[in-house]
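> Could you work out the structure for the sequence below:
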Amino acid sequence: MKKLTVFAMYSALTLGSFYAQAQTADAGCTIDRGQATCNWTAFRKALDAARTVKPEYRDRDKSTGMQLKELAQKLGKSIANEGATPDLTMTVIPAAASGVDIGPADQEILELHIYAGDSSQQKLIWVETYIGQKDRPWPANVHSTIAQFQQRLSKK
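This next block holds a predicted model:
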(Lines give C-alpha, C1' and ligand atoms only; values in the text may rest on other atoms or scores of the structure.)
Protein backbone atom coordinates (compact mmCIF):
# COMPACT_ATOMS: atom_id res chain seq x y z
CA MET A 1 0.00 0.00 0.00
CA LYS A 2 2.86 2.39 0.80
CA LYS A 3 4.41 1.76 -2.61
CA LEU A 4 1.14 2.57 -4.33
CA THR A 5 0.76 5.79 -2.32
CA VAL A 6 4.34 6.83 -3.10
CA PHE A 7 3.82 6.05 -6.78
CA ALA A 8 0.57 8.04 -6.83
CA MET A 9 2.25 11.02 -5.18
CA TYR A 10 5.20 10.84 -7.58
CA SER A 11 2.86 10.61 -10.57
CA ALA A 12 0.82 13.57 -9.37
CA LEU A 13 3.93 15.70 -8.87
CA THR A 14 5.40 14.70 -12.23
CA LEU A 15 2.18 15.27 -14.16
CA GLY A 16 1.51 18.51 -12.28
CA SER A 17 4.98 19.76 -13.15
CA PHE A 18 4.51 18.76 -16.81
CA TYR A 19 1.12 20.53 -16.92
CA ALA A 20 2.61 23.70 -15.41
CA GLN A 21 5.44 23.67 -17.94
CA ALA A 22 2.95 23.20 -20.79
CA GLN A 23 0.90 26.14 -19.52
CA THR A 24 4.00 28.34 -19.36
CA ALA A 25 5.12 27.27 -22.83
CA ASP A 26 1.70 28.12 -24.26
CA ALA A 27 1.89 31.59 -22.78
CA GLY A 28 4.66 32.75 -25.11
CA CYS A 29 8.44 32.84 -24.94
CA THR A 30 10.63 32.21 -21.96
CA ILE A 31 14.06 33.79 -21.71
CA ASP A 32 16.81 31.81 -20.01
CA ARG A 33 20.37 33.15 -19.96
CA GLY A 34 19.63 35.41 -22.90
CA GLN A 35 18.17 32.62 -25.07
CA ALA A 36 14.51 32.75 -26.01
CA THR A 37 12.48 29.56 -26.17
CA CYS A 38 9.10 29.96 -27.85
CA ASN A 39 6.16 27.64 -28.50
CA TRP A 40 5.70 27.44 -32.28
CA THR A 41 2.20 25.95 -32.11
CA ALA A 42 0.92 28.63 -29.72
CA PHE A 43 2.57 31.32 -31.83
CA ARG A 44 0.94 30.04 -35.04
CA LYS A 45 -2.47 30.10 -33.36
CA ALA A 46 -1.92 33.69 -32.25
CA LEU A 47 -0.63 34.69 -35.70
CA ASP A 48 -3.56 33.04 -37.49
CA ALA A 49 -6.08 34.70 -35.14
CA ALA A 50 -4.53 38.17 -35.44
CA ARG A 51 -6.09 40.73 -37.74
CA THR A 52 -3.99 43.83 -37.08
CA VAL A 53 -0.25 44.39 -36.73
CA LYS A 54 1.71 47.38 -35.50
CA PRO A 55 5.25 47.61 -36.88
CA GLU A 56 7.55 49.36 -34.39
CA TYR A 57 10.68 51.06 -35.66
CA ARG A 58 12.68 54.23 -35.16
CA ASP A 59 11.72 57.34 -37.11
CA ARG A 60 15.12 57.32 -38.79
CA ASP A 61 14.74 53.69 -39.85
CA LYS A 62 12.08 53.97 -42.54
CA SER A 63 13.50 50.96 -44.40
CA THR A 64 12.78 48.65 -41.47
CA GLY A 65 9.30 50.14 -41.14
CA MET A 66 8.54 49.50 -44.80
CA GLN A 67 9.82 45.93 -44.59
CA LEU A 68 7.73 45.18 -41.48
CA LYS A 69 4.63 46.68 -43.14
CA GLU A 70 5.22 44.54 -46.23
CA LEU A 71 5.59 41.46 -44.00
CA ALA A 72 2.29 42.22 -42.28
CA GLN A 73 0.55 42.59 -45.64
CA LYS A 74 2.06 39.34 -46.96
CA LEU A 75 0.71 37.63 -43.84
CA GLY A 76 -2.75 38.97 -44.67
CA LYS A 77 -2.83 41.38 -41.72
CA SER A 78 -3.77 45.03 -41.79
CA ILE A 79 -1.68 47.76 -40.21
CA ALA A 80 -3.22 49.01 -36.95
CA ASN A 81 -4.35 52.63 -36.99
CA GLU A 82 -2.51 55.10 -34.78
CA GLY A 83 -3.86 54.86 -31.23
CA ALA A 84 -5.63 51.54 -31.86
CA THR A 85 -4.63 48.40 -29.98
CA PRO A 86 -3.04 45.92 -32.41
CA ASP A 87 -3.35 42.16 -32.12
CA LEU A 88 0.40 41.82 -32.74
CA THR A 89 3.40 44.13 -32.60
CA MET A 90 6.54 43.45 -34.66
CA THR A 91 9.95 44.99 -34.21
CA VAL A 92 13.53 44.26 -35.23
CA ILE A 93 16.35 44.77 -32.73
CA PRO A 94 20.07 44.08 -32.73
CA ALA A 95 20.97 40.75 -31.14
CA ALA A 96 22.72 40.87 -27.79
CA ALA A 97 26.46 41.34 -28.18
CA SER A 98 28.59 38.43 -27.04
CA GLY A 99 31.56 40.63 -26.23
CA VAL A 100 33.90 38.63 -28.46
CA ASP A 101 34.19 39.33 -32.17
CA ILE A 102 36.54 36.89 -33.93
CA GLY A 103 36.88 37.14 -37.67
CA PRO A 104 34.16 37.02 -40.30
CA ALA A 105 32.32 34.02 -38.82
CA ASP A 106 28.54 34.07 -38.72
CA GLN A 107 27.11 35.66 -35.59
CA GLU A 108 23.71 36.55 -34.20
CA ILE A 109 22.94 39.85 -35.90
CA LEU A 110 19.23 40.71 -35.50
CA GLU A 111 16.10 39.47 -33.82
CA LEU A 112 12.55 39.86 -35.09
CA HIS A 113 10.36 40.12 -31.97
CA ILE A 114 6.63 39.56 -32.17
CA TYR A 115 4.44 40.54 -29.24
CA ALA A 116 0.76 39.95 -28.47
CA GLY A 117 -1.44 42.27 -26.45
CA ASP A 118 -1.60 46.01 -25.90
CA SER A 119 1.41 48.10 -24.93
CA SER A 120 0.72 47.79 -21.18
CA GLN A 121 0.37 43.99 -21.31
CA GLN A 122 2.66 42.97 -24.18
CA LYS A 123 3.79 39.36 -24.16
CA LEU A 124 6.68 38.14 -26.30
CA ILE A 125 5.33 35.27 -28.40
CA TRP A 126 8.06 34.77 -31.03
CA VAL A 127 11.73 35.57 -31.57
CA GLU A 128 13.32 34.98 -34.97
CA THR A 129 17.11 35.23 -34.69
CA TYR A 130 19.13 35.94 -37.80
CA ILE A 131 22.72 34.68 -37.94
CA GLY A 132 24.95 36.25 -40.55
CA GLN A 133 27.85 38.53 -41.34
CA LYS A 134 28.28 41.76 -39.38
CA ASP A 135 29.67 43.69 -42.33
CA ARG A 136 26.32 43.84 -44.16
CA PRO A 137 24.14 46.96 -44.00
CA TRP A 138 21.26 47.00 -41.51
CA PRO A 139 18.48 47.03 -44.19
CA ALA A 140 20.02 43.96 -45.86
CA ASN A 141 20.12 42.10 -42.54
CA VAL A 142 16.52 43.10 -41.78
CA HIS A 143 15.52 41.77 -45.20
CA SER A 144 17.33 38.48 -44.55
CA THR A 145 15.71 38.14 -41.11
CA ILE A 146 12.23 38.64 -42.55
CA ALA A 147 12.95 36.23 -45.44
CA GLN A 148 14.14 33.61 -42.94
CA PHE A 149 10.94 34.07 -40.92
CA GLN A 150 8.76 33.77 -44.03
CA GLN A 151 10.60 30.60 -45.01
CA ARG A 152 9.95 29.13 -41.55
CA LEU A 153 6.25 29.98 -41.88
CA SER A 154 6.00 28.26 -45.25
CA LYS A 155 7.61 25.04 -43.94
CA LYS A 156 5.46 24.48 -40.89
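> after the helix or strand bottoming out on mean pLDDT in the chain comes which helix or strand?
For the chain, using mean pLDDT, DSSP states H and E, the weakest element among its helices and strands is helix 2-26, scoring a mean of 41. Next along the chain after helix 2-26, taking DSSP states H and E as the criterion, comes strand 30-32.
> who touches that following strand?
T24, A36, T37, C38, L124 (CB atoms under 8 Å, 6 or more residues apart in numbering). Glycine gets a C-beta too; all of them are placed from N, C-alpha and C.
> mind listing what S63 touches?
Applying CB under 8 Å, 6+ apart, we find S63 in contact with W138, P139, V142.
> likewise S144?
Taking CB under 8 Å, 6+ apart, we find S144 in contact with Y130, G132, R136.
> Let's see that with 6 Å instead.
Taking CB atoms under 6 Å, 6 or more residues apart in numbering, we find S144 in contact with Y130.
> how close does it sit to L112?
As defined by CB to CB, to the nearest Å, S144 lies at a distance of 11 Å from L112.
> where's Q148 relative to I109, distance?
Taking CB to CB as the measure, Q148 falls 11 Å from I109.
> shared neighbours, those two?
Contacts common to Q148 and I109, judged by CB under 6 Å, 6+ apart, are Y130.
> rewinding a little: which of the contacts of S63 fall within strands?
Using DSSP state E, no member of those falls in strands.
> nearest to A116, of the residues you listed?
Distances from A116 to these, taken as CB to CB, are shortest for V142 (21.5 Å).
> isn't that closest one right next to M66, touching?
No. V142 lies out of contact with M66 (CB atoms under 6 Å); the separation is 9.7 Å.
> what about these two, which has more around it?
Just comparing V142 and M66: by other CB atoms under 10 Å the higher neighbour count belongs to V142, 24 against 14.
> where does the more buried one land on pLDDT?
Per-residue pLDDT puts V142 at 96.
> contacting residues around it?
Contact partners of V142, counting by CB under 6 Å, 6+ apart, are T64, Q67, V92.
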